[in-house]
Structure formats: C-alpha cells, structure tokens
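1. predicted structure and sequence below. I'll ask about it afterward.
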Amino acid sequence: MTTPSLEIVNLSVSFGHGRASVQAVDKASFRVARGEAFGIIGESGSGKSTILRAITGLHDGYDGEVMINGKPAPRPRNRDFFKTVQMVFQDPYSSLHPRRMIRATLMEPLEIYRLDRREARIAQVLVDVGLAPEFAYRYPHQLSGGQRQRVAVARALLLEPEILLLDEPTSALDVSVQAGVLNVLNALRRARGLSYVMVSHDLRVVAHMCSRIAVMTQGNIVEELTVEDLRAQRATQPYTRTLIAASPAAVTAD
Amino acid sequence: MYWTLEMTDPLLEVRNLRVAYPSAHGYSDALRGISFTLGREKLGIVGESGSGKSTAGRAIMRLLPPKARVTADALRLSGFDLLGASERQMRDIRGGRIAMILQDPRYALNPLKTVGAQIMESYRIHIKGSRAEARDRMLAMLEDVRIRDPRRVTGLYPHELSGGMGQRVMIAMMLIPSPELVIADEPTSALDVTVRGQILDVLNERVEAQGAGLILISHDLPLVSDFCDRVLVMYGGQIMEELAAHDLSQASHPYTIALNASLPPLDHAVDELIVPEYDPSWMTEAPK
C-alpha cells in the first residue's frame, strides 16, 4: 500500500484533570489516501471536531500520532505543515474577520508565506470557488452565507494544500446554498487531487461527498464503512443503524 | 354540536398578511400578502432563510418590532381579531392561547430560574391556580413530555439540561396552559439528528392530546413532509405552493422541485447536485 496522505494512529485527546477529566477522543485511528474524501459522522460531543482540531494543532496536548505523508506532524505545527494541511470551519459568519475586506483576509496567508503574484492568485482562487474576482473588494457582511463559505474555502486553498479538513462546512447554510458549496468542493477535489477529511452530522452530506465514513460516538470510532455499505444500510453497529434510521428518507421526485 | 362548530370554524385565519420594514429606500417587504387558514391540524411552513417563514410566525404572535408595518385583511384566532387587539389582550393570548416553541432551549429558557419554577410560572400566569395545583400540573406535564425523573429535573437549571431535555422542558412550559395554537419555529434544528425524532414525537403527542393546531416552521423539507399534514412552501415573502405533505414528491412549482432536488440523496449516488435557480418572476406578486 502506498503511503497515505494523512494517517492518525491511536489519537487520544482529553480535557480537564483528575476526576473532572473527559476523554474527548479515545484511541482513534484512520488513514486517508491521496485524493480520497474521508467522512466522520456522529452527534455533538462525540469528538469528531476534536479530531480535526487535534490534526491542525489547535489541541496540542494529544496522545498518539498524526502522520502527514508518512512523517509525524511536528509539534507545535510549523509553516510547512500548514502549507500541506488547511481547515475550513463550520460557521462562515464567525470565521471571517468582519472588518476586513475579503482581499485583506485572502492576502494574509500570501504575505506570511511570501508568495508572489498575490493579486493574480486572489483573483484566480475566487474564480475557482465560483465567485467573481470583484468579490475581493467586499466586506463579509455584504456577502450571503454561501458566498462567505466560498471565501473561507478560497482562503484555505490559497496555499495550495494537499489536505483539506472540513468541519461541518455547510451546516450553517440553507439546503439550496449547500448544494452549490458541495459542488464546488467536489470539483476542487477532483481537479487538484486534494484529500478531504469531512466532519458532519448530516448523513446525506457525508454520503454525497465521501467514499469512506467513520462513525463516532462518545469519543470512539465504532465503525468504518464504505459509502456503498452506508447507502445499502449494511451497518454492523447498532449506533450506526440508529443514525441511519434518524435521517428522514429523501423525497425522490419521479 | 360543540365539535362540529370546532371543526368548521378555522382556528387561525390569515388573509393577505403583509409585513414591511423601513429601509433606506422607503419600506422593504418581508411578507407580501400571504393567506392561509389552519384548523386543528399540523401545518408546515418551509423555505430558506429570508423567505419570511419566521416573520409569519412572529406576525401572528404580534412579536415583530414596533417599526415593522404589519397589515392584513384578516388575522383572526377562532374569530378573534389579533391585529386589532390591545397589548393587554395580547399578553393573555401570547403563551395562553398561542404558544411559541423556539429553536434553541439554551437561549429561550431563563437561565436563572429552575425548570420547575419556569413551568409553574407559565401555568399560574394563564390559569390562575394555587401553588400546589401548579406544582402537581407541572410534575404531570414533565411526565407527559417523557422526562424520566420529573422530581429531580424540576430543581435543575437550564444549563444542567441537555439539548433534548431542554426542548422537552420548553414544550412542557408552552403547552401547560393548553394553548389552541402552537407555533414551533425550527424546534429541532439545534438538536442532534438522533434526538430530533423523539422531540417531534413528544410534540406531536401533546398537541394531539390537547387538540391544538400546530404550525411547524422549518427549512428541512423531508422532516416537514414526514411530520405535517399540509405544507406551505415560501420564497421571497410569498407562498409559492401549498400541498398535502404526502404529495411533496409531486410538487408542481419549480421552486419546490428545485428545493427537493438540491438535497443529496441517501440511497444512490449523484455526480453533481442541482443548485436551484431563481426565476425573478417568483418575486412579483400574482395578480389578485
């Protein structure tokens, strides 16, 4: 087997000390191949977002190993790491600086990494996520939720990462807007060979985006299954079955 | 005889309801003349954000800010004119005859009062019973919303409750004065998928037991079609389509069809999702 793009081995994260200690993630392991989309589903508090935050280094005190292209990720995370791994957060209403023009928000990673052709890169990345280049001169409050999330995706793409961590990227959006953002994410993954780790509580979204899916509850990955198994409801764990049963069936237009 | 009267008289009658807010260029419309009637049934209102679905719910409760301009040819609860009612009359109606269940119990419950005190307050304001009666009713109500150990839960504060439990408490608090109409504005969207079904079951059971009418406001099309009898699909402050919930798959309006199609299907794979396209003609009002 070729080296996976991202691999986590026995990742554990706990918060608090002594008796008040909570095991948020308990020995989670998975591999994501290059160009693959891997999904994590589970309810709130199951630890799915904590895994992503541990991978990016937002929770530094984890046990276990995070491997990027076969090499352990540096602790603390350094610049090279963030050139490879970028994250898109759940709520575009709070992840963009409200008093900065989109251009300034997008310029920042380019300045930190001293990249050239900055204006051209910003214009290009906006087109890539389906926005007109003129959007660079707007403020976040002048954009709709879907447009903001596209800007957040654009910011993550500027450094041309290999791995994108998506934390509920569409749960703050309307279904009609969600469709557009998911299409953009899918097109980008195919065009650039990106690897995705996508966290969501929405079974439909994960099934649409990912080829393999891990089911989490109470800090444990209880089951890992392929999207075909999920669609055919071949889940072995009772918890996964509960999750599937809780999603109302799609209304299929004939 | 009592029953036939109940069945024929609409519980809620809304005719040509309009809401406008002052903006830089005169008034901008939030609701452009919606009309519907509601009996003792479950009506769903779906639409995306900004479609006016929550504004409709709030306008019925007269909860919009004073600067909003609300007009209607009729806005009546069992024949009682809600638009002409005084603020004092509205205070009895809100919570008493019309109850509203909000999205997130973490924000909608009073954080400084115990669960028991909040539910008893709701009872005593509208029913005027003794403290002991209120306490008995409150405990019974908590049991009705399937809280396992009501005596323990009465002493808890909202921050000690889980989301699902908080929403049960909210349902108990809202339904204890036996309202005629319950408006639930996204009652489950702050909850986990696994808890949503249970909360809707409880809500359904209580509303049916008390014979109240229910308006469920949601952006979740499959959920609404599962739960309600009738669905109104809203866009741009207007009702695009009204249909029986089980006919949702045979929707005829292009907006409803697009909304349906934009949802990723669970049982089969699609290459690309269909992004709804908006027809500007939907924004213009249909001639009367």
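-> Looks like it came in fine. Numbers count the residues shown, from 1 in each chain, chains lettered A, B, ... in the order given.
2. and what about the closest residue to chain B within the stretch 1-150 of chain A, helix, strand or coil?
-> Here the stretch 1-150 of chain A gets closest to chain B at one residue, residue A:43, 3.9 Å apart by CB to the nearest CB. Heads up, the C-betas are built off the backbone N, CA and C, glycines and all. Following DSSP: H, G, I helix; E, B strand; the rest coil, the label given to residue A:43 is coil.
3. residues contacting residue 109?
-> Looking at chain A here, since you left the chain open. Neighbouring residues of residue A:109 by CB atoms under 8 Å, 6 or more residues apart in numbering or on different chains: A:155, A:158, A:159.
4. oops, chain B please
-> By CB under 8 Å, 6+ apart, the contact list for residue B:109 reads B:115, B:118, B:158, B:166, B:169, B:170, B:173.
5. could you report the neighbour count for the first one?
-> Going back to what we said before, that points to residue B:115. When neighbours are defined as other CB atoms under 10 Å in any protein chain shown, residue B:115 has 29 of them.
6. okay, it: pLDDT?
-> According to the prediction, residue B:115 has pLDDT 94.
7. gap between it and residue B:96?
-> Taking CB to CB, to the nearest Å as the measure, residue B:115 and residue B:96 are separated by 20 Å.
8. quick check: buried residues in stretch B:173-190?
-> Across stretch B:173-190, burial judged by 16 or more other CB atoms under 10 Å in any protein chain shown covers B:173-177, B:179-188, B:190.
9. repeat for stretch A:113-120
-> Here stretch A:113-120 shows residue A:118 as buried, counting by 16+ other CB under 10 Å.
10. what's the nearest residue to residue 125 if we skip its chain neighbours?
-> In the absence of a named chain, this looks at chain A. residue A:154 (4.5 Å; CB to CB, 6 or more residues apart in numbering or on different chains).
11. not what I meant, chain B
-> Excluding its sequence neighbours, the residue lying closest to residue B:125 (CB to CB, 6+ apart) is residue B:95, at 6.9 Å.
12. write out the residues of the stretch 101-250 of chain B neighbouring chain A.
-> Contact residues (CB under 8 Å from any CB of the partner chain) of the stretch 101-250 of chain B with chain A: B:163, B:192-197, B:219-223, B:225-226, B:248-250.
13. picking that back up, and the contacts of residue B:109 as TSV, adding secondary structure?
-> Converted to TSV, the contacts of residue B:109 look like this (three-state DSSP):
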residue	secondary structure
B:115	helix
B:118	helix
B:158	helix
B:166	helix
B:169	helix
B:170	helix
B:173	helix
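14. which residue ranges form the helices in chain A?
-> In chain A, helices defined by DSSP state H lie at A:48-56, A:79-84, A:92-95, A:102-112, A:118-128, A:145-157, A:175-192, A:203-209, A:227-231, A:238-246, listed in chain order.
15. export these to CSV and append columns for mean pLDDT and distance to residue B:141.
-> CSV is the format used below for those (pLDDT from 0 to 100; distance: least, CB to CB, whole Å):
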stretch, mean pLDDT, distance to residue B:141
helix A:48-56, 92, 35
helix A:79-84, 92, 53
helix A:92-95, 86, 36
helix A:102-112, 94, 50
helix A:118-128, 92, 54
helix A:145-157, 91, 37
helix A:175-192, 89, 35
helix A:203-209, 91, 33
helix A:227-231, 89, 39
helix A:238-246, 85, 26
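16. looking at these, spot the one closest to residue A:216.
-> Closest to residue A:216 of the helices of chain A, according to CB to CB: helix A:48-56, at 5.1 Å.
17. report how many residues lie close to residue 90.
-> If you meant another chain, say so; for now it's chain A. For residue A:90, the neighbour count with other CB under 10 Å is 19.
18. should've been chain B
-> Counted with other CB under 10 Å, residues neighbouring residue B:90 total 15.
19. so what does it have for phi and psi?
-> When quoted as degrees, to the nearest 10, the phi and psi of residue B:90 stand at phi -60, psi -30.
20. and the nearest residue to it once chain neighbours are set aside, what's its pLDDT?
-> Nearest residue to residue B:90 in three dimensions, chain neighbours excluded: residue B:62, at 5.3 Å (CB to CB, 6+ apart). Note on residue B:62: pLDDT of 93.
21. distance check, the residue positioned nearest the centre of chain A against chain B.
-> Nearest to the geometric centre of chain A sits residue A:166, at 1.2 Å (CA atoms, centre = their mean). Look at residue A:166 and chain B: by CB to the nearest CB, to the nearest Å, they are 15 Å apart.
22. could you give the bridge partners of that residue?
-> Counting by DSSP bridges, residue A:166 is bridged to residue A:88, residue A:198.
23. and residue 11, what does it touch?
-> Looking at chain A here, since you left the chain open. Applying CB under 8 Å, 6+ apart to residue A:11 gives the contacts A:25, A:27, A:28, A:29, A:51, A:54, A:62, A:63, A:64, A:65, A:66.
24. oops, chain B please
-> Contacts for residue B:11 (CB under 8 Å, 6+ apart) come out as B:38, B:39, B:40, B:77, B:78, B:180, B:181, B:213.
25. want to try a markdown table for these, with secondary structure as columns?
-> Below are the contacts of residue B:11 laid out as a markdown table (three-state DSSP):
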| residue | secondary structure |
| --- | --- |
| B:38 | strand |
| B:39 | coil |
| B:40 | coil |
| B:77 | strand |
| B:78 | coil |
| B:180 | coil |
| B:181 | strand |
| B:213 | strand |
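26. the closest residue to residue A:89 other than its chain neighbours: neighbouring residues, count only.
-> Closest residue in space to residue A:89, ignoring its immediate chain neighbours: residue A:95 at 4.2 Å, by CB to CB, 6+ apart. Using other CB under 10 Å, residue A:95 has 19 neighbouring residues.
27. what count of nearby residues applies to the residue nearest to residue B:166 when sequence neighbours are not counted?
-> Sequence neighbours aside, residue B:105 is the residue nearest to residue B:166 in space, at 3.0 Å (criterion: CB to CB, 6+ apart). Residue B:105 has 24 neighbours, counted by other CB under 10 Å.
28. tell me the pLDDT of residue 253.
-> Picked chain A for this. pLDDT, residue A:253: 36.
29. actually chain B
-> pLDDT, residue B:253: 88.
30. hmm, it is touching residue B:233, no?
-> Yes: under the criterion of CB atoms under 8 Å, residue B:253 makes contact with residue B:233 at 6.7 Å.
31. need the residues touching each of those two.
-> Listed as contacting both residue B:253 and residue B:233 by CB under 8 Å, 6+ apart are B:240, B:241.
32. ok, these two, which is more surrounded?
-> Neighbour totals were compared for residue B:253 and residue B:233, and residue B:233 leads with 25 against 16 (other CB under 10 Å).
33. for the more buried one, give its distance to residue A:100.
-> With CB to CB as the criterion, residue B:233 and residue A:100 are 37 Å apart.
34. what sits closest to the residue in the stretch 151-254 of chain A that chain B sits nearest to if chain neighbours are left out?
-> Nearest residue of the stretch 151-254 of chain A to chain B (CB to the nearest CB) works out as residue A:208 at 3.5 Å. Nearest non-adjacent residue to residue A:208, counting by CB to CB, 6+ apart: residue B:264, 3.5 Å away.
35. again with residue B:141
-> Using CB to CB, 6+ apart and skipping the chain neighbours, the partner closest in space to residue B:141 is residue B:172 (4.5 Å).
36. same question, residue B:224
-> Distance criterion CB to CB, 6+ apart; nearest residue to residue B:224, sequence neighbours excluded, is residue B:44 at 3.6 Å.
37. and the one you found, how far is that from residue B:57?
-> Using CB to CB, we find residue B:44 at a distance of 12 Å from residue B:57.
38. higher neighbour count, these two?
-> The neighbour comparison of residue B:44 against residue B:57 (other CB under 10 Å) goes to residue B:44, with 26 against 21.
39. quick one: classify that one as helix, strand or coil.
-> Secondary structure state of residue B:44, per three-state DSSP, is strand.
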